[in-house]
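> Provided below are the primary sequence and the corresponding predicted coordinates.
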Amino acid sequence: MKHLPVVLIAVYGIVSLVVALGGLALPAFRANAWLAYAPLRELLVPPPAPIVVTLLYSTEKEAWLTETLAAMARDDLRLDGRPIRVEGQPLGSREIVLAVLDGDAQPDLISPASSLQLRILADQSVARFGQSLVDLADTRHCRSVLTTPLVLVAWRDRADVLWGQAPGPNLWFELQTRVTDVQGWAALGQADWGFVKYGQSDPMRSNSGFMAVVLMTYSYFGKTAGLANQDVLTDGGFQTWLSDFQNYAVKPFAQSTGPLMTDMVQIGPSRYDLAAVYEATAIEQAANAIGRYGELRVYYPPATVVSDHPFCLLRAGAATPWITDEKTRAAEVVLDYLTAAPAQERALLQHGFRPVNPAVALDQAGSPFVQYAANGLAIDLPPAVELPAGDVLATLLELWDRLVK
């Protein structure tokens, strides 16, 4: 019996050695084997280093993403036994594209508010690096996670005078006419209301303002697909029409959609009669608008464009040497988590986004689409316009920048 402590020490040493070697050689052994739960693991084997996935994302989804990444950390997502940690930085959608193109940032994943920006990035990165930095056809590594269409929000009394129950097929033409009319509301029998005050965000900084300009452009040319550089560059009538429309809009343009919507609700029709915003942003402020300046309603343009919030892994290549196979597989795990039902329900019920997961119903109990249906929210959307090619979108932005004071 006097030799028993020696035997126990020897057994302990052997087990410790097995745990140490197994943990160093196989992270999955360290994380999942029954021995991983023994106290000696923490003494002999350091915890596995996390796989860090860096992300640049648009500010519109910051609240949802912050909550969801915190839930992901609690759920302890792992790859090969190593925890996955996402380090995110919010930026404007245009800023994300420029940061990646200029090399000011080296993210693994990017998520602007819309594929409009990804098309510009794809086109301009081919010109700069010889290949696109994003593969838009790779739905495993580049996919929509949330959606929300562009809508018009308007104070009901103003909207009733402008277009009655709902905007007509010539919405943007009629709106341009009213915004640029120096008689303002007096031409419609409401002189006390001043000018017709239309608001949007800055297309050079914010995706919703850019989406509005895309819809205006399509409307002017009477089509919903096939927008070309020739349309934008050679039609002087269009350039004058767009310039007048934008230069008569409320200035300064908001830097992002959230502050625009907040100002509309807090300041009211003395600042904005109507504005182009995301549906989700309108939902976010719906409760705050009650009882302020009358009813604030949501109206859908006759043709829409959807902010699809794509999450895209940058393509591995000479321009992106930091994109490894490990990071690629970790990004897949992250995207699967973001599109799973719990994260998607949080996006709908707490933040007003439309889920991409078909298992999450828009008309479920607690949905804002049920709660605010009387304020114009609709489950079914008008047809969407075709997203123009990246070079056409870049040309339209450059034209806007030249035309608008």
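That came through, no problem.
> report the residue spans of the protein with pLDDT below the cut-off.
Counting by pLDDT under 70, the chain contains low-confidence ranges at 1-45.
> domains of it?
Segmentation of the chain into domains, based on automatic domain parsing, reads 4-44, 51-146+308-355, 148-306+365-403.
> would a markdown table of those with mean neighbour count be doable?
Where you see a C-beta, it was placed from the backbone N, CA and C, and this is true even at glycine. Supplementary listing: these in a markdown table, determined by neighbours: other C-beta atoms under 10 Å:
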| stretch | mean neighbour count |
| --- | --- |
| domain 4-44 | 13 |
| domain 51-146+308-355 | 19 |
| domain 148-306+365-403 | 18 |
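> how far away is the residue nearest to the spatial centre of the chain from residue 207?
Per C-alpha atoms, centre = their mean, the C-alpha nearest to the average position across the chain is that of residue 113, at 2.9 Å. Residue 113 sits 4 Å away from residue 207, going by C-beta to C-beta, to the nearest Å.
> what's the overlap in contacts for the two?
Residues touching both residue 113 and residue 207 (C-beta atoms under 8 Å, 6 or more residues apart in numbering): 58, 60, 93, 307.
> can you count the residues close to the last one?
So the one you mean is residue 307. One way to gauge burial is a neighbour count; for residue 307, by other C-beta atoms under 10 Å, it gives 30.
> how about the contacts made by it?
With contacts taken as C-beta under 8 Å, 6+ apart, residue 307 has the following neighbours: 60, 113-114, 147-150, 207-208, 211, 278.
> is it in a bridge, and if so with what?
With DSSP bridges applied, the residues forming beta bridges to residue 307 are residue 148.
> same thing with the first one?
Counting by DSSP bridges, residue 58 forms beta bridges with residue 91.
> who's in contact with it?
Taking C-beta under 8 Å, 6+ apart, we find residue 58 in contact with 90-93, 96, 111-113, 207, 309.
> contacting residues around the host helix or strand of residue 331?
In this assignment (DSSP states H and E), residue 331 forms part of helix 325-338. Outside of helix 325-338, the residues that reach it under the criterion C-beta under 8 Å, 6+ apart are 51, 53, 68, 72, 75, 77, 79, 84, 86, 108-109, 140-141, 143, 145, 311, 313, 316, 343.
> picking that back up, got a markdown table for the shared contacts of residue 113 and residue 207, with distance to residue 364 too?
What follows is these, written out as a markdown table (distance: C-beta to C-beta, whole Å):
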| residue | distance to residue 364 |
| --- | --- |
| 58 | 26 |
| 60 | 23 |
| 93 | 29 |
| 307 | 22 |
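> relative to residue 253, which of those residues is nearest.
Closest to residue 253 out of the shared contacts of residue 113 and residue 207 is residue 93 (14.7 Å), distances taken as C-beta to C-beta.
> tell me the contacts of the closest residue to the closest one other than its chain neighbours?
Across the structure, with C-beta to C-beta, 6 or more residues apart in numbering as the measure, the residue nearest residue 93 apart from its sequence neighbours is residue 112 (3.7 Å). When the contact criterion is C-beta under 8 Å, 6+ apart, the partners of residue 112 are 57-58, 93-94, 96-97, 118, 207, 310.
> the residues you listed in strands, which ones?
Cross-referencing the contacts of residue 112 with the strands (criterion: DSSP state E) gives 57-58, 310 as the overlap.
> can I get the residues you listed in a markdown table including distance to residue 269?
Written out in a markdown table, the entries for those read as follows (distance: C-beta to C-beta, whole Å):
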| residue | distance to residue 269 |
| --- | --- |
| 57 | 33 |
| 58 | 29 |
| 310 | 35 |
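> closest one of those to residue 251?
For the ones in strands among the contacts of residue 112, the minimum distance to residue 251 (C-beta to C-beta) is 23.4 Å, reached by residue 58.
> how close does the closest one get to residue 360?
Relative to residue 360, residue 58 is positioned 21 Å away (C-beta to C-beta).
> what does residue 169 give?
When C-beta to C-beta is applied, the distance between residue 169 and residue 360 equals 32 Å.
> and the helices in the stretch 101-250 of the chain?
When secondary structure is read from DSSP state H, counting those that start in this stretch, the stretch 101-250 of the chain shows helices at 115-129, 156-163, 171-180, 207-220, 229-234, 236-247.
> now the ones you listed in a markdown table, with distance to residue 335?
Listed next are those as a markdown table, based on distance: least, C-beta to C-beta, whole Å:
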| stretch | distance to residue 335 |
| --- | --- |
| helix 115-129 | 15 |
| helix 156-163 | 39 |
| helix 171-180 | 35 |
| helix 207-220 | 20 |
| helix 229-234 | 33 |
| helix 236-247 | 36 |
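> between those, which gets nearest to residue 102?
Evaluated with C-beta to C-beta, these place helix 115-129 nearest to residue 102, the distance being 9.3 Å.
> name the helices or strands packed onto the closest one?
With contacts defined as 3 or more C-beta pairs under 8 Å, 6 or more residues apart in numbering; DSSP states H and E, the packing partners of helix 115-129 are helix 93-102, helix 207-220, strand 310-313, helix 390-403.
> of those, which approaches residue 246 most closely?
In this view, the helices and strands packed on helix 115-129 are compared for proximity to residue 246 by C-beta to C-beta, and helix 390-403 is the closest at 6.8 Å.
> list the contacts of the closest one.
So helix 390-403 is contacted by 116, 119-124, 203-204, 210, 213-214, 217, 227-229, 232-233, 239, 242-243, 246-247, 388 (C-beta under 8 Å, 6+ apart).
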